[in-house]
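got a predicted model here, sequence first, then my questions.
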Amino acid sequence: MARQEGDGRPSSRGPDSTSKAAGMDGGKPKSTEESQPGSAEEKKPGRVAALFTKLGLDAPTVCTMFKGSLPPTIGIAMCHAPVVASYFITLGYLVPVISVFAMAIMPRGKFMMNLLLSLLAVCFGSAVSMLALWSAVQARLHTTPAGTPPTATPTYNSSQSAVCAVWLFANIWFGNVVRAKLPAFNLPIIIYSILVNVSATFGPIMTTSAAAQLYMQELLTAMLTALALAFGVNLLVFPVSSRVVVFKELADAMGLLRRLVALQKEYLSSLETDATFNAATHTETFLAKGDEETDVGQKKPSLTKEAEAAKALEETGSKLRELAGKLHADLPFAKRDIAWGKLDAKDLSEVYTLFRHVYIPVLGMNTIIDIIKRFSERSDWENPGGIPDETADEKDIEKRVWNEVMKQVHEPFEILSKAVDHGLEHAALCLGLVPRPKKRSNPSDADVEAGAEPMPGDPGFASVLDNRVQAFYSRKGELLRKWVEERGINFDGGAADQPSFRSERDQVQLYIIVYLENLMHAAGEAVQDLVDFADEKIQDGTMSKHRLITPTVNRLRKWVKAVFSSEDSSAEQSPDAMETGANIVDFGGGYNRKRDPEHLPPKTAWERFGNGLRKIPKFFGSEESAFGFRVACATMTIGIAAFLESTQRFFREQRLVWAMVIVSLSMTMTSGQSFFGFLCRIGGTIIAMCLSLIVWYIVDGHVPGVIVLLWLSIFINYYFIIKFPRFLTAILITIVTQVLIISYELQVLAIGRAAAERTGQPVHPTYLLAPYRVACVAGGSLIAFIWTIFPSPLTDRTWLRRDLSATLYLLANYFGVISSSLRSNVRGTAGDINMPGSPAHHLHKVSRKIYGKVMMLVSSMSQHSEWQRWEPTVGGKFPRETYHDIITRSTRIMAYLTLISYTIMHPTRVRLSDVADRGDHDERHPRRSGLRGASLSLHTRSRHPSASPTNREWLGALADVLDILKPTHHTILSTLTLLSNSLLSGQSLPPFLPLPRPYEMTRQFMRMRQSALATPDRATEDVADGAPITMVDSRTGRADDSCHHHPDPDQGVRRRHAVANILDPRNVGQPGYAEFAVLQVCTTLICGDLAGLVRAVSGLVGVVDFSFRLGASYSSLDLPAERGKRKVH
């Protein structure tokens, strides 16, 4: 068993899993004492230590390299023993080869899954291969004339060869269909392909069923022996559980969060100077990492203090997102693992959920970069020499107000950053993610006993954290009052005495301030919840003792379902009755599977049977089936030589079966990845040839020396697997080629030359065998590359476009789920999120599913974006910059939507007062009993007995305002869907799209409020959405009347009152105002990126435009300021 996962031991995944600089030591901001000049200087490392540090050769990396090199080395040494060599004869080389593909360096959870699937593939492949050999022998027996005398060597039989060829083609097709359909079978299918290739190509020389059975028995034993070697090494040599990996990633992620908070504090401090708007107008300083390229001949602007802080924020946030993605992928394996530990699977899920609750608002604070940049971008501010005096005065006022706001927010954020930093440290110490520091000396202990403030990791630290968060909460209201004073608004006056805002930008500034406050507050409360959980695990004794942790039957059932499904479980849900009443909840079509436009939903049993029947041709016509057919054709391009009389002997003598294996290993679905892999595999094979010659001849073929040098070579090769996983396939081929060459030669020494040549394979010296292996691998790689692009390639560029289309469609769905969640949350129709069947439960389940799929697509798009660089361009250039712009904007929209979703599902609360009001106390855990994970909905909070009638009335007004916002939300959803379909089909966009302008809803609210205050008695008029068109409900085909005039005259009065209240700064403390501010800010940011998406997609697919202009083109209508401000893609 592995060591306890919470002992602070680093995982064996090396820097590929987690960056060393992102750990708790590297990611933690240095304290003030550590940065003092008088602190002790660290000793400079020696040259060897510095070299090891530069190469990343830390203890986990070296242990993993050693661990990976053991199975093939043990296999080669074992097969050289006379007893083992006499049993396997010419199949002994398969033991070290298969042990390489078993990947013993995986964490235990992933390895056990791969091992079980490999066992399944080997056993199934052996059974099918035995059936193939038996049927081939029967074909020989039925086609051989009676009375034919036996011969010393088997004669060629065309029927037997044809049967073997058919079985081989079918097996390769089936295996690669499974490989393409189920990614978990990637390595097991490679082992399966080796088995069926070896057995099928030796099938034509089998004359009896007994010989075929003996051959398959030896082949199966070799495969199982190799898997057993890898199993023993994985469990006994430097064992690493998947739980260790997850806990190491959690520790590093918390370290990155702490560093991110420190960088955010530094960035906010840089915004206090007068250079805020000057630096913000330089777009290049705020672009993502991939956008930093400037046009040829242009000089990059020098980075200001603000720009440097923003760049550091972007880089740290990018590392944190990448690490969070790895954590999300590794968590299921950790929950299925068997370990001797402390925290069980439910605890792991809880820790990850609480970490995510901290991660989202803290990372969301990075959006202040984009907010400041967009808020400072005004066309009349771009040219200082041409700015009128009034505009210059207005800009100075804006700068001064923002500088004062940032100075005001600095102190509350200072309090919050310290609370978040110490809270994360406390949770990491209590949960065993990092080792505890050495015990304090007696004087310090005396100070603690005397009443000194507890430090992170000490009992009672939670109360210190509560005091800091409460201090932040008490100070954050001063920020708003500062803003009010700058605007000259009487905060304590009546609604009629409120002066009007100078512009909609004032109201937007209010939204941004409340937005920042809400994220800060949410981060503080999330850290409190994490600290509560850590303290609970200490108090209930969970962290004081080890116990055997095993997965439940239900979790194993979910694992099997996940392995054998190409995607997550379906989101399809049937209409259900809520348990709290007799109301029937009718769920919309977005919850169901994608419809078939050529067939209506089946209603009879015969129609359902027909739907099942149609799945058969659909399966054979799928891309996965086409990929399997390509691989089978590529394999038979080489394998046909084993089944023809004139080439059969040549095939066996030159061992061309490994060229067929290389085909199965090298074939990919896209051409860019295939071309890149082709070059890497050729280079890796040449390196393997050189290393094999060195290993064999440097010790003149002496067995002990050869084994030791081969181990050293494999040991070094695994360094590149750990540090450069992108080249995994090429490095595996390098290792396997070395093992093949050396094991062939050692096999001859063990069994003798005569026995080695008994199967028709001549013995070659190493200096000839090595080049033959290079030619064999090169030929297989070339065949694989040809069949990847022939007859029609599926390019990475096509795949990237389809992934982008799917991402935009999922974003539209995500936005629809969020809008529905917000409205139902405010109106109180969502129900309990923890009650299966309730709308809230369905919405939460669907939103999590969409989020997971988008994260997978983001990773896929990143890979295809890299692979497409290796595809040869025929014709016009690939619009790489445009696609990168679409990916960047889509990722940003996803981040904004995640913030909205988090804010809706987890509204902030005043913890201490809430506890006092509810009286919800628990003797063991009085603070956590009703708080952690129990974020009450806005409607529930307003209906609580402690809520005032004003709160209920205001929340009802907020619900009416959300109805006014529905057209804007419909427009965003419709535009995303249209862009997705246009990108997928390549059809042109319409010439005009109803995109909402930034701050447009604020302008409408201000006009409505002024109208309502000016004519309070006009109750018969309704507040419309201002849209010049009618919104048609595509579900019914009728106009959507929910956003327009209602027959009830009181509806118009209520809406005008709602609009008047929603813009009143006095309502910032009302439930839902912060959520509404977050919605407004994020929607504005989404609208900006949506306009950019429209420009990018229209540049790719074109516009349906048959108009004409005389003397000018539409491209010439761009404003000079616009052309100079943004890059032309």
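Here it is on my side, so go on.

and the residue of the chain most remote from its centre, backbone torsions?
Each residue of the chain has a distance to the centre, and by CA atoms, centre = their mean the biggest one is for residue 147: 67.2 Å. Note on residue 147: backbone dihedrals following degrees, to the nearest 10 are phi 90, psi 10.

same thing with the one 3 residues further on?
Main-chain dihedrals, residue 150, degrees, to the nearest 10: phi -70, psi 150.

and it, what does it touch?
Applying CB atoms under 8 Å, 6 or more residues apart in numbering to residue 150 gives no contacts. (C-beta placed from N, C-alpha, C; glycine too.)

tell me how far the helix or strand hosting residue 772 lies from the chain's centre.
Assessed by DSSP states H and E, residue 772 sits inside helix 766-789. Counting by CA atoms, centre = their mean, to the nearest Å, helix 766-789 is centred 35 Å from the centre of its parent chain.

in the next helix or strand after that helix, what counts as buried?
Reading on from helix 766-789 to the C-terminus, the next helix or strand found by DSSP H and E is helix 796-827. Neighbour-count burial for helix 796-827 flags 796-797, 799-827 (criterion: 16 or more other CB atoms under 10 Å).

what is the burial count for the closest residue to residue 654 other than its chain neighbours?
Closest residue to residue 654 apart from its sequence neighbours, by CB to CB, 6 or more residues apart in numbering: residue 772 at 6.6 Å. Residues near residue 772, counting by other CB atoms under 10 Å, number 16.

before we move on, the earlier item: other SSEs contacting the helix holding residue 772?
helix 623-639, helix 657-666, helix 671-697, helix 728-751 (3 or more CB pairs under 8 Å, 6 or more residues apart in numbering; DSSP states H and E).

wait, which of these is closest to residue 52?
Closest to residue 52 of those, according to CB to CB: helix 728-751, at 20.9 Å.

and the angle for that closest one with helix 657-666?
160 degrees (axes from the mean of the first three to the mean of the last three CA atoms, to 10 degrees).

tell me which helix or strand in this structure has the weakest average pLDDT.
strand 576-577 (a mean of 28; mean pLDDT, DSSP states H and E).

re earlier: quick one: mean pLDDT for the helix holding residue 772?
Taken as a whole, helix 766-789 has a mean pLDDT of 90.

distance-wise, check residue 773 relative to residue 767.
Computed as CB to CB, to the nearest Å, the residue 773 to residue 767 distance reads 12 Å.

which one of the two has more residues nearby?
residue 773 (24 against 12).

how about the contacts made by the more buried one?
With the criterion set at CB under 8 Å, 6+ apart, residue 773 makes contact with 658, 685, 688-689, 692, 737, 740-741.

the same query, at a cut-off of 10 Å, please.
655, 658-659, 685, 688-689, 692, 736-738, 740-741, 744, 764 (CB atoms under 10 Å, 6 or more residues apart in numbering).

again, but for residue 996
965, 967-972, 975, 1027, 1083-1084, 1086-1087, 1090-1091.

quick one, grab the pLDDT at the closest residue to residue 868 other than its chain neighbours.
Excluding the flanking residues, the one nearest residue 868 by CB to CB, 6+ apart is residue 796, at 4.1 Å. Note on residue 796: pLDDT of 85.

same deal with residue 659?
pLDDT, read off for residue 659, is 93.

from residue 761, how far out is it?
Counting by CB to CB, the gap from residue 659 to residue 761 is 14 Å.

in terms of neighbours, single out the busier of the two.
residue 659 (27 against 14).

that one reaches residue 640, doesn't it?
No - the pair residue 659 / residue 640 is not scored as a contact, 12.0 Å apart, by CB atoms under 10 Å.

which residues do those two both contact?
residue 651.

ok, back up a step: for residue 866, see how far away the residue nearest to residue 654 is.
For residue 772 relative to residue 866 (CB to CB), the value is 34 Å.

re earlier: buried sites along the helix holding residue 772?
Buried, per 16+ other CB under 10 Å, within helix 766-789: 766, 769-770, 772-774, 776-785, 787-789.

that older thread, contact partners for the residue nearest to residue 868?
Residue 796 touches 668-676, 803, 863-871, 878, counting by CB under 10 Å, 6+ apart.

mind checking which of the residues you listed are buried?
668-676, 803, 863-865, 867-868, 870-871, 878.

which residues are in contact with residue 472?
411-420, 517, 520-521, 523-524.

and it, what element?
helix 461-487.

report the buried residues of the helix or strand following that helix.
Note on helix 461-487: by DSSP H and E, the next helix or strand toward the C-terminus is helix 504-539. Neighbour counts using 16+ other CB under 10 Å place 504-538 of helix 504-539 among the buried residues.

can you check stretch 348-363 too?
348, 350-352, 354-363.

repeat for stretch 693-700
Applying 16+ other CB under 10 Å to stretch 693-700 flags 693, 695-696 as buried.

can you check stretch 111-121 too?
111-115, 117-119, 121.

from these, pick the one nearest residue 544.
Distances from residue 544 to the buried residues of stretch 111-121, taken by CB to CB, are shortest for residue 112, at 28.4 Å.

and the helix or strand that the closest one is a member of, what does it pack onto?
Taking DSSP H and E as the definition, residue 112 sits inside helix 108-143. If you count contacts as 3 or more CB pairs under 10 Å, 6 or more residues apart in numbering; DSSP states H and E, helix 108-143 packs onto helix 94-101, helix 158-181, helix 186-202, helix 209-236, helix 242-270, helix 305-336, helix 553-563.

any idea how far the shortest one is from the chain center?
Centroid separation between helix 94-101 and its chain, computed with CA atoms, centre = their mean, is 31 Å.

with the last one instead?
With CA atoms, centre = their mean as the basis, helix 553-563 stands 21 Å off its chain's centre.

keeping just the C-alphas, turn that helix into PDB.
Extracted C-alpha coordinates of helix 553-563, given in PDB (Å, rounded to 0.1, in the frame of the first residue of the first chain):
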ATOM      1  CA  VAL A 553     -20.400  -0.700  -4.900                       C
ATOM      2  CA  ASN A 554     -22.300   2.300  -6.200                       C
ATOM      3  CA  ARG A 555     -19.100   4.100  -7.000                       C
ATOM      4  CA  LEU A 556     -17.700   1.100  -8.800                       C
ATOM      5  CA  ARG A 557     -20.900   0.900 -10.800                       C
ATOM      6  CA  LYS A 558     -20.500   4.500 -11.900                       C
ATOM      7  CA  TRP A 559     -16.900   3.700 -12.900                       C
ATOM      8  CA  VAL A 560     -17.900   0.900 -15.100                       C
ATOM      9  CA  LYS A 561     -20.600   3.000 -16.600                       C
ATOM     10  CA  ALA A 562     -18.200   5.800 -17.300                       C
ATOM     11  CA  VAL A 563     -15.600   3.500 -18.800                       C
END
